[in-house]
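Chemist: Compute the structure for the input listed below.
(one chain, ligands or ions: 1)
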Amino acid sequence: MAKKIERISLGSMSPGTERHLLVHRYGKSGARPKAYIQASIHADEIPAMMAAHHLIRLLDEAEKRGEIAGEIVVVPVANPIGLAQNVAGTHIGRSDIRGGGNFNRGWPDLFEGLVEAVESKLGGDAERNVAVIREAIGRRLAGMHAEAEFPRLRLELYRLAYDADIVLDMHCDDEALMHIYLTNDFWPSGADLAAETGSRAVFLSYESGGQSFEEQFYLAFRKLKLHFGDRFPIPPTVLTSTIEFRGQFDVFDDLGIHDGKALYRFLQRRGLIAGDPGPLPTLLCEGTPLEGADYMRAPKGGILAYHVKVGDVVRKGDLVAEIIDPLAEDQSKARTEMRAITDGLVVSRCSKKLVAPGEGITMIAGKEHLSHRKGPLLSD
Ligand SMILES: [Zn+2]
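Modeler: Predicted coordinates for the structure are as follows:
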């Protein structure tokens, strides 16, 4: 089955302009398993686009050899809106400058209306239930309409991904180690993704609370299962993961080649591409709860001075950073300490050196749930 390229218009927000999504489609439509992979919904996270570039090159070769076994859909630029947001020479890709907020928060809840749509059609066969649920989500998405570019982007990406078995959303952090997010239902079964990508941390939760893109596909099934309890068998169905390809400045071909190959082997292991992926690399970390991640936030504004690097292991009480008030009259009292509240690995740091109160500065992967980590678990 020949590869297909699809262009999906996002309409026009202003006369004379129009953006579109470009979609690479491999394999037969409807073939199983199906993987949906997108890059850079936060449009300033370039390592993800680099990984997609190298993955597509490998998939093109596999397609020529006739080795695509399932269906693979790749969107190498998931956010052409954010990609074009340049303000006074600075790329602003994380949030919509028209006021739509963080591009990866507040995605519509796919569970909405689902109970009513499927209740009379569900039965004792889990596989059939999955098909019924997918059909209902697809019908709802097909009936939805959006005018403005960002809602239209959301809708089109949903339509491409909703029926996938695997949804990989490729991002990067600020300054960070390779790490991924997975749902508890797919750990340790998703450990092959962590091992292949060389992840140094795996953050696990049932729901991050941010209504991020990929999570919605998993949550539709989870919420149905919670609603119906033992009445109908409803498996978790969709392995979804946000993959953080290190930090924003880690954009190099050698890393992209590594990442493209890692994703390719993962897809081989999962039966989407023929061929032997070889032995699974050694897993570099255990999964840790997202509720155990110490998201340290600046208690006040000032200059940020770190005492740790990414990859350091800290103990509870260790000095992680200090915020320096450059306007303190007595500079010997200008420093405010920030100490770790958990034992764990320093996964990310903030690359900004002048921070405002409340800004996230470091993420430490701890093993124990932290009592204040409830509700929304992601940074902004
Ligand atoms: Zn991101």
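Chemist: Can you tell me which residues in the stretch 151-300 of the chain are near the ion?
Modeler: Residues of the stretch 151-300 of the chain that fall close to the ion, judged by CB under 5 Å from the ion: His171. Every C-beta, even on glycine, is put in place using the N, C-alpha and C of the backbone.
Chemist: quick one, helices of the stretch 151-300 of the chain?
Modeler: Taking DSSP state H, counting those that start in this stretch as the test, the helices found in the stretch 151-300 of the chain are 191-197, 215-228, 253-269.
Chemist: got a list of contacts for the shortest one?
Modeler: Residues lying outside helix 191-197 but in contact with it, judged by CB atoms under 8 Å, 6 or more residues apart in numbering, are 168, 178, 180, 182, 199, 202, 239, 241, 243, 259, 262-263, 265-266, 269-270, 280-285, 287.
Chemist: Buried ones among the residues you listed?
Modeler: 168, 178, 180, 182, 199, 202, 239, 241, 243, 259, 262-263, 265-266, 269-270, 283, 285, 287 (16 or more other CB atoms under 10 Å).
Chemist: From what I see, Tyr206 and Arg222 are in contact.
Modeler: Yes: between Tyr206 and Arg222 a contact is recorded at 6.7 Å, counting by CB atoms under 8 Å.
Chemist: When these two are compared, which one has more neighbours?
Modeler: Using other CB atoms under 10 Å as the criterion, Tyr206 and Arg222 rank with Arg222 on top: 20 against 15.
Chemist: Mind checking which of the contacts of helix 191-197 are in strands?
Modeler: Leu168, Ile180, Leu182, Val202, Leu239, Ser241, Ile243, Gly287 (DSSP state E).
Chemist: Looking at those, which one is closest to the ion?
Modeler: The nearest member of the ones in strands among the contacts of helix 191-197 to the ion, counting by CB to the ion, is Ile243 at 9.9 Å.
Chemist: bridging residues for the closest one?
Modeler: With DSSP bridges as the criterion, Ile243 is bridged to Met170, Ile180.
Chemist: Can you tell me which residue is spatially central in the protein?
Modeler: Taking CA atoms, centre = their mean, the centroid of the chain lies closest to Thr242, which sits 2.4 Å from it.
Chemist: longest helix in the protein, by residue count?
Modeler: helix 46-64 (DSSP state H).
Chemist: who's in contact with Val130?
Modeler: Phe221, Ile234, Pro235, Thr237.
Chemist: Turn those into TSV, including neighbour count.
Modeler: Listed next are the contacts of Val130 as TSV, based on neighbours: other CB atoms under 10 Å:
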residue	neighbour count
Phe221	23
Ile234	23
Pro235	12
Thr237	22
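Chemist: out of the residues you listed, who's nearest His369?
Modeler: Phe221 (24.3 Å; CB to CB).
Chemist: Please list the residues of the stretch 1-150 of the chain that sit near the ion.
Modeler: His42, Glu45.
Chemist: shared neighbours, Tyr206 and Arg222?
Modeler: Thr183, Asp185.
Chemist: these two touch, right, Asp163 and Arg134?
Modeler: Yes: contact criterion CB under 8 Å: Asp163 and Arg134 qualify, at 4.8 Å.
Chemist: Which parts of the protein belong to which domain?
Modeler: 4-285, 290-366 (automatic domain parsing).
Chemist: Who are the contact partners of the single nearest residue of the stretch 101-250 of the chain relative to the ion?
Modeler: With CB to the ion as the measure, His171 is the residue of the stretch 101-250 of the chain nearest to the ion, at 3.3 Å. His171 is in contact with Ser40, Ile41, His42, Glu45, Ala48, Asn104, Thr242, Ile243, Glu244, Phe245, counting by CB under 8 Å, 6+ apart.
Chemist: again with Glu207
Modeler: Counting by CB under 8 Å, 6+ apart, Glu207 has contacts Glu215, Leu219, Arg222.
Chemist: please redo it, this time with the cut-off set to 7 Å
Modeler: By CB atoms under 7 Å, 6 or more residues apart in numbering, the residues touching Glu207 are Glu215, Leu219.
Chemist: per-residue pLDDT, it?
Modeler: At Glu207, the pLDDT value in this model is 94.
Chemist: Kindly report the same for Leu21.
Modeler: 98.
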